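Enquirer: Predicted model follows, preceded by the sequence.
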Amino acid sequence: MKKTKLGEFEELVLLTVATLQGDAYGVEIKRELESRLKERLSVGSIQSALKRMEDKGFLTSQFGEPTQKRGGKRKRIYATTSHGRRVLEEMRDIRASLWKAMPNLAQSLNVV
């Protein structure tokens, strides 16, 4: 089975969409990521990552209902696909395997 690689930022955006579920729209994804990363992000970088992952089949999107709060505009709400969830599981397993294989740092330091 061919492994699908994700860039670090794409992985974080995809994980955020999976976490937010039905509330995964641009502004909320940005807010959640900024809160967790403790840094400012551009809307454009998030929108680009969302578009790339939708093109790759990791995400789907649909427009929600218009709201008065948004001046009658509709939100584009994102959801992970089964393929996107499998890719996240692969990435989790690869990372867990590497962490498990890493020698204990205290043992590897030669303290004099």
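Expert: Done, it's in.
Enquirer: Which other helices and strands does the one helix or strand L50 maps to contact?
Expert: L50 belongs to helix 43-56 when assigned by DSSP states H and E. In this structure, helix 43-56 packs against helix 8-20, helix 26-37, strand 59-63, with contacts taken as 3 or more CB pairs under 8 Å, 6 or more residues apart in numbering; DSSP states H and E. For every residue, glycine as well, the C-beta is placed using N, CA and C.
Enquirer: The second one packs against which elements?
Expert: Helices and strands in packing contact with helix 26-37 are listed as helix 8-20, helix 43-56; criterion 3+ CB pairs under 8 Å, 6+ apart.
Enquirer: in it, what counts as buried?
Expert: Within helix 26-37, the residues that qualify as buried are E28, I29, K30, E32, L33, counting by 16 or more other CB atoms under 10 Å.
Enquirer: now do the first one
Expert: Neighbour counts over helix 8-20 (16+ other CB under 10 Å) mark F9, E10, E11, L12, V13, L14, L15, T16, V17, A18, L20 as buried.
Enquirer: how far away is A49 from K69?
Expert: Taking CB to CB, to the nearest Å as the measure, A49 falls 25 Å from K69.
Enquirer: Tell me which of the helices and strands packed on helix 26-37 lies nearest to V87.
Expert: V87 lies closest to helix 8-20 among the helices and strands packed on helix 26-37, at 7.4 Å (CB to CB).
Enquirer: got the contact list for the closest one?
Expert: Contact with helix 8-20 is made by 6, 24, 28-29, 32-33, 36-37, 45-46, 49-50, 52-53, 58-59, 78-80, 84-85, 87-88, 91, as judged by CB atoms under 8 Å, 6 or more residues apart in numbering.
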